[in-house]
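Participant: Let me see the structure of the following:
(2 chains)
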Amino acid sequence: MRSIKGLIEDLLSIPEERSTPERYRIVGRNIAILMLTTTLVPLALMTAINYYEYKAALRNEIQAPMKTLVNKAKHSFELFLAGRLSTVNFIASAYTFEELADEKNLNRIFRVLKKEFEGFVDIGLIDSKGTQISYAGPYELQGKDYADQAWFEQVRVNGVYISDVFKGYRKFPHLAIAVQHISTDGREWIVRATINTAKLDDLIASMGLDSESDAFVINRQGVFQTKSKFYGDVLDKCPVTIPTRSFEPTVIERVDPLGRDIFLGYVYFNQNDFIFAFIKHKSDVLKVWYTLRADLLIVFVIGLTVIILGVLKLTSIMMKRMKESDDRRTMALREVEHSHKLSSIGRLAAGVAHEVNNPLAVINEKAGLMQDVIQYNPDFPDRERFLNLVKAIIQSVERCRTITHRLLGFARRMDVEVQLLDVNEVLRETLGFLEKEALYRNVKLDLDLLKNLPQIKSDRGQLQQVFLNILNNAMFAIGDGGTIAISSFERDSEMIGVTIKDTGHGMSEETLKHVFEPFFTTKKSGQGTGLGLSITYGIVKRLGGDIEVQSKPGIGTFFTVYLPKQTPAQSGV
Amino acid sequence: MKEFKVLMVDDEEEFVRTLDERMQMRNVDTSVALSGEEAMKKLEEDPPDVLLVDLKMPGMDGKEVLKRAREAYPGVQVVMLTGHGSEADEAEARRLGVFEYLRKPIPIDQLMRTLKAAYKKKLEQAMVAASFAEEGDFESARDIMKQGQPKK
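Facilitator: Sure, this is the predicted structure:
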């Protein structure tokens, strides 16, 4: 029990520690196993139950009529024998010894007998010493002595005797019925008649058996009393052994000497030593069952295939979905992490900028005062030199100021001024700032703007800054000569996109990773603050859009800016 | 004769003293306050034409000074000069009626231009207000001093 529980727990657990592809494989396999078990076990059970139920039902359906038939046959045989017996009994009782001893009389009785009852072969009178007194029939048996024969003893003890079937000198199968009569004056005589057992065969034939069935009578020693269709003629030994005595009709399953599966129905006769047997071949009667079994099997196999295929397909779909959703989650996490990083860098930068501004202002004023003092005093020694020095200080302060103000701009949360605008127009306008420089530096500006680009709700000034920052970087990257290709397109019902592609020097993967971080720059010190793209990133995010960049060193850089058609109410970095 | 009078309020003494000296050289009548509280006192004693005030100060901060000055001395124009200050601070200062919002460090010329503009505005307002006052419309005169234009 515990091990099964453990196994199920094993199957249900997701191995987090494993490497990802293996994990999906294990989870998929476990789910498949569980689903297959929960579906196939009931299916197999159902099939098995059906199999056995149907089998039992069918067997019963076959056996019940067999029993009836066996019982009926037994009754007709018994009736037949009882009828002949009582006839012989009647003759023995109704006539006196003398009357029966008279051959003429006996012949007359025999004639009536043959006329009224089929099958009688002969009839004779035997006295108590076993001597045949008189005889009517086709043979010469007058005076024959039966005293030392077994049947004679039996009839003297029991009063009646019915023999097994035998051939004797009559050369055809028959049986003998003997009845002892004791008259009121104490004389004993025996009337013995023989009956042709062809009549018994007729009885069996009248049962109307089909060609594959066999019915016959045997005695307790297993000798055929009637002829069998398959197993032998009268008086042959029956190869099929009949089991224990049963006066109730019984049906059992056997394999016959010919190797065929059979149903054997049999019953023992009450009055004498005969057994009636009825044999049906299984292959024949079970045709229906075999068809049914085949159908069951087909249904089971089809069910099995469908379930297995279904489960495998379902599992693979589930695994794919799971993987996709995991991937999406990982991506989202990475994005959140990224923007979180940028926003905390932004806050830090803003804090630093604020703190730096005050001492910067002091430097600015001190240097300014020095400048003032020198300027107002024409006799100041080394006037020009000091003025230049102070000028340099003030210029450096100016540079610092630019940096801190831009830093604050990066961190700034400002209200977005939303208006309905045409991005193509904003692009053209922005490019206007660069046209002169492009011309001068022999840079080709390639515009491919979507004609019916839908207008979007966004902030014109901020968009200009976004495009300008990217374009400035592109201009810087390509140096003199080269192409900047700008295109706009509609991504879907919610977003439009702008691509800016340059043929510049491109970026390494390492650079690409940090490209949106503040202060990250590949330009020589003094040429850039490293804030342009981080500000761009912040603005695009604030406008509810997204920005992507691809780059290959030596080939160029490819920026894609996605912008929503409707700017979300409030957002910020 | 100095051109106009400026009261400078900043807790950064090195800064404000130096600036004070430079303004004097530029013929501006200046005085210095190192806190909001001191500024309020000086405003009462000797109202300037323009009030130059820092935003972040211990005690009474620049915004408070601005608010009180606009309330009590509507004729005095207020310029804010700060190293801190976000967009939100600027927006609030403008709502409270600041003449201009400047960020430190600032070139002296730009500062001078702003202060002169503020002084000019003060003069204009005073003249308009005076014309209303001459006609006896003191209410409008007061509104002009406060909001730059009459209510009606």
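Participant: residue ranges for the helices of chain A, please.
Facilitator: For chain A, the helices defined by DSSP state H occupy A:2-12, A:20-94, A:97-101, A:103-116, A:150-158, A:198-205, A:282-285, A:287-376, A:383-411, A:423-440, A:460-478, A:509-514, A:532-542.
Participant: which one of the ones you listed is the most hemmed in?
Facilitator: Across the helices of chain A, averaging neighbours per residue (mean count of other CB atoms under 10 Å in any protein chain shown) puts helix A:532-542 on top, at a mean of 23. Every residue, glycine included, has its C-beta placed from N, CA and C.
Participant: Next, see if it gets close to chain B.
Facilitator: No. Helix A:532-542 lies out of reach of chain B by CB under 8 Å from any CB of the partner chain, never closer than 12.3 Å.
Participant: what's near enough to touch the residue in chain A that chain B sits nearest to?
Facilitator: As assessed by CB to the nearest CB, chain B sits closest to A:Asn357 within chain A, at 3.0 Å. Contact analysis of A:Asn357 by CB atoms under 8 Å, 6 or more residues apart in numbering or on different chains lists A:401, A:404, B:83-84, B:103-105.
Participant: Where is pLDDT lowest across those residues?
Facilitator: Lowest in pLDDT among the contacts of A:Asn357 is B:His84, which has 75.
Participant: and the gap between that residue and A:Cys400?
Facilitator: Remark: distance between B:His84 and A:Cys400 (CB to CB, to the nearest Å) = 16 Å.
Participant: what do you get for A:Phe558?
Facilitator: With CB to CB as the criterion, A:Phe558 and A:Cys400 are 34 Å apart.
Participant: for chain B, what are the nearby residues on chain A?
Facilitator: Proximity of chain A to chain B (CB under 8 Å from any CB) is limited to residues A:350, A:354-358, A:360-366, A:368-369, A:372, A:376, A:394, A:397-398, A:400-401, A:405, A:408, A:412-415.
Participant: if you set the cut-off to 6 Å instead, what comes out?
Facilitator: With CB under 6 Å from any CB of the partner chain as the criterion, chain A meets chain B at residues A:354, A:357-358, A:360-362, A:364-366, A:368-369, A:372, A:397, A:401, A:412, A:414.
Participant: Out of these, give me the two with the largest separation.
Facilitator: A:Asp372 and A:Met414 (36.1 Å; CB to CB).
Participant: B:Arg142: neighbouring residues, count only.
Facilitator: If you count neighbours by other CB atoms under 10 Å in any protein chain shown, B:Arg142 ends up with 17.
Participant: let me fix that: A:Arg245
Facilitator: Residues near A:Arg245, counting by other CB under 10 Å: 11.
Participant: Relative to B:Ala39, which of the helices of chain A is closest?
Facilitator: Among those, helix A:287-376 sits nearest to B:Ala39 (CB to CB), with 18.3 Å.
Participant: From the chain's centroid, how far away is the closest one?
Facilitator: Distance, stretch centre to chain centre, for helix A:287-376: 35 Å (CA atoms, centre = their mean, to the nearest Å).
Participant: Report the inter-axis angle for that helix versus helix A:532-542.
Facilitator: Orientation of helix A:287-376 against helix A:532-542 (axes from the mean of the first three to the mean of the last three CA atoms, to 10 degrees) gives an angle of 130 degrees.
Participant: Quick one: mean pLDDT over helix A:287-376.
Facilitator: Taken as a whole, helix A:287-376 has an average pLDDT of 84.
Participant: ok, now stretch B:140-149?
Facilitator: For stretch B:140-149, the mean per-residue pLDDT is 68.
Participant: Kindly report the same for stretch A:479-487.
Facilitator: Mean predicted confidence for stretch A:479-487 is 87.
Participant: got the end-to-end distance for it?
Facilitator: Counting by CA to CA, to the nearest Å, you get 21 Å between the two ends of stretch A:479-487.
Participant: contact partners of it?
Facilitator: With contacts defined as CB atoms under 6 Å, 6 or more residues apart in numbering or on different chains, stretch A:479-487 is touched by A:441-448, A:474, A:499-503.
Participant: in it, what's buried?
Facilitator: Residues of stretch A:479-487 classed as buried: A:482, A:484-487 (neighbour count, 16 or more other CB atoms under 10 Å in any protein chain shown).
Participant: Tell me the one among those residues nearest to A:Asp233.
Facilitator: Distances from A:Asp233 to the buried residues of stretch A:479-487, taken by CB to CB, are shortest for A:Ser487, at 105.7 Å.
Participant: And the closest one, how far from B:Asp11?
Facilitator: From A:Ser487 across to B:Asp11, the span is 54 Å (CB to CB).
Participant: what's the answer for B:Phe99, then?
Facilitator: Taking CB to CB as the measure, B:Phe99 falls 21 Å from B:Asp11.
Participant: between the two, who's got more neighbours?
Facilitator: The residue with more neighbours, out of B:Phe99 and B:Asp11, is B:Phe99; 23 against 19, by other CB under 10 Å.
Participant: My guess is the more buried one contacts B:Ala118. True?
Facilitator: Yes. With contact defined as CB atoms under 6 Å, B:Phe99 reaches B:Ala118; the gap is 4.5 Å.
Participant: Whichever residue of chain B sits closest to chain A: what's its closest spatial neighbour, skipping adjacent residues?
Facilitator: Per CB to the nearest CB, B:Gly83 is where chain B lies closest to chain A, at 3.0 Å. Excluding its sequence neighbours, the residue lying closest to B:Gly83 (CB to CB, 6 or more residues apart in numbering or on different chains) is A:Asn357, at 3.0 Å.
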